[in-house]
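Visitor: below is the structure, and that's it, no one-letter string:
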């Protein structure tokens, strides 16, 4: 079973008076979007996933929004709560980053690698 996540948005410095080319998204943003996509695919509330992962809902929310640089232990805990392996999650994030890099206008970025083996 595959699901779609919104394409990654390039980081734009709005304080720079002259436009610059879009920069590559940060890993934490790609990870967060993938985690949120997996959680939504499962139809879970933030609090449900956070409880199973052993993290606070606020922390998980910050992870999903790309505001935290979570430790590998935190990433593993959330991945486990979402029933995906670290390798599947890592592949999904890498796929999402590759899709964003190859076409910033892409509308079909997915985390299907995470769900392919988890299903």
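Guide: Yes, it's here. Small disclaimer: the values here were computed from a predicted structure and weren't measured. Numbers count the residues shown, from 1 in each chain.
Visitor: please count neighbours and contacts with C-alpha atoms only from this point.
Guide: Noted.
Visitor: which residues touch residue 61?
Guide: Applying Cα atoms under 8 Å, 6 or more residues apart in numbering, we find residue 61 in contact with residue 46.
Visitor: confidence score at it?
Guide: Residue 61 carries a pLDDT value of 98.
Visitor: in the helix or strand where it lies, which residues are buried?
Guide: If you go by DSSP states H and E, residue 61 is part of helix 57-64. Neighbour counts using 16 or more other Cα atoms under 10 Å place 57, 60, 61, 63, 64 of helix 57-64 among the buried residues.
Visitor: can you tell me how far the third one is from residue 72?
Guide: Taken as Cα to Cα, to the nearest Å, the spacing of residue 61 relative to residue 72 amounts to 17 Å.
Visitor: again, but for the last one
Guide: Between residue 64 and residue 72 the distance is 15 Å, computed by Cα to Cα.
Visitor: quick revisit: now render the buried residues of helix 57-64 as TSV, adding distance to residue 82.
Guide: What follows is the buried residues of helix 57-64, written out as TSV (distance: Cα to Cα, whole Å):
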residue	distance to residue 82
57	14
60	12
61	14
63	14
64	13
